[in-house]
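# sequence unavailable; structure follows:
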């Protein structure tokens, strides 16, 4: 699903985002990206989304070489990648149902399909009783579930989550991660960038640990043993 071959990203003037990074994520895998601020996690996610261009190396997503992907094809690439962010990014004047439906509207789904798909995904994330609520009327954990529903309603082959538990409490974080695991079991590849050590240690999935833009550990059923060393770089 994702291939990085000797990828480097250097920000001007000489700040290391990633350095000689090689990484393969098979279809259907669940991967945690861990490391301190400045280690390169967000840089990596932005490279997958083609929001950034690598300084060196080759990136393939779902078999597409991003270096040769035409600009006109980038929106199509992103439609096949669900994204969940720390700050939810919900539309404040739209209900839960409307926020999820909007993700389908922008890719041209017809109304009949939207009426079928939205209730299914809202129910999956446990918010059927909040479908007509506005974002400010539900909790932070529920807002994050809406953002997961919106990211997954198209059933993308790849879902990226950047610090998805950063603004919710630990107990709610467990439920959210279990939801992502359920989505993963449907066949979607899931990559989660996180500082949440306890969550990573609890879930026991593949762990990629970054420091200063370099991979320092790649462990299946791993844990998060963050180095205390100071790291300089760009996250």
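The structure has been received and is ready for your questions. Given the structure is predicted, the values throughout are model-derived calculations rather than measurements.
# isn't residue 74 up against residue 50?
Yes: contact criterion Cβ atoms under 8 Å: residue 74 and residue 50 qualify, at 5.4 Å. (Glycine included, C-beta is placed from N, CA and C.)
# between these two, which has more neighbouring residues?
residue 50 (20 against 14; other Cβ atoms under 10 Å).
# how about residue 84: which residues does it bridge to?
Here residue 84 sits in beta bridges with residue 161, going by DSSP bridges.
# test my guess that it contacts residue 166.
No: using Cβ under 8 Å, residue 84 is not in contact with residue 166, being 10.8 Å away.
# more neighbours: these two, which one.
residue 84 (25 against 14).
# how about the secondary structure of the residue nearest to residue 3 when sequence neighbours are not counted?
Distances taken as Cβ to Cβ, 6 or more residues apart in numbering put residue 60 closest to residue 3, at 4.1 Å, once the chain neighbours are dropped. What DSSP: H, G, I helix; E, B strand; the rest coil gives for residue 60 is strand.
# what pLDDT does the residue most central in space within the chain get?
Nearest residue to the geometric centre of the chain (Cα atoms, centre = their mean): residue 160, 1.7 Å. Residue 160 is assigned a predicted lDDT (pLDDT) of 96.
# would you mark the buried spots in the helix or strand of the chain with the lowest mean pLDDT?
Sorting the helices and strands of the chain by mean pLDDT, DSSP states H and E puts helix 197-203 at the bottom, at a mean of 86. Buried residues in helix 197-203, counted by 16 or more other Cβ atoms under 10 Å: 199-200, 203.
# out of the residues you listed, flag the one nearest to residue 175.
Proximity to residue 175 was ranked across these by Cβ to Cβ; first place goes to residue 199, at 11.2 Å.
# spit out the contact partners of that closest one.
165, 173-174, 177 (Cβ atoms under 8 Å, 6 or more residues apart in numbering).
# what's the closest of those residues to residue 37?
Nearest to residue 37 among those, with distances taken as Cβ to Cβ, is residue 165, at 15.5 Å.
# pLDDT on the helix or strand in which residue 120 is found, on average?
Using DSSP states H and E, residue 120 sits within helix 111-124. Averaged over helix 111-124, pLDDT sits at 94.
# which parts of the lengthiest helix in the chain are buried?
Counting residues, the longest helix found in the chain (DSSP state H) is helix 170-185. Within helix 170-185, the residues scored as buried using 16+ other Cβ under 10 Å are 172-173, 176-177, 179-180, 183-184.
# report the angle between the next helix or strand along the chain from it and helix 170-185.
Later in the chain than helix 170-185, the nearest helix or strand by DSSP H and E is strand 189-194. With axes from the mean of the first three to the mean of the last three Cα atoms, to 10 degrees defining the directions, strand 189-194 sits at 160 degrees from helix 170-185.
# partner strands of strand 189-194, with direction?
Strand 189-194 has these strand partners (DSSP bridges): strand 30-34 (parallel), strand 158-162 (parallel).
# closest one to residue 69 among those?
strand 158-162 (14.9 Å).
# can you name the residues in contact with that closest one?
In contact with strand 158-162 (Cβ under 8 Å, 6+ apart) are residues 1-2, 41-42, 45, 48-49, 61-62, 80-86, 148, 151-152, 180, 183, 188-194.
# which of these are buried?
1-2, 41-42, 45, 48-49, 61, 81-86, 148, 151-152, 180, 183, 188-194.
# sounds good, over and out.
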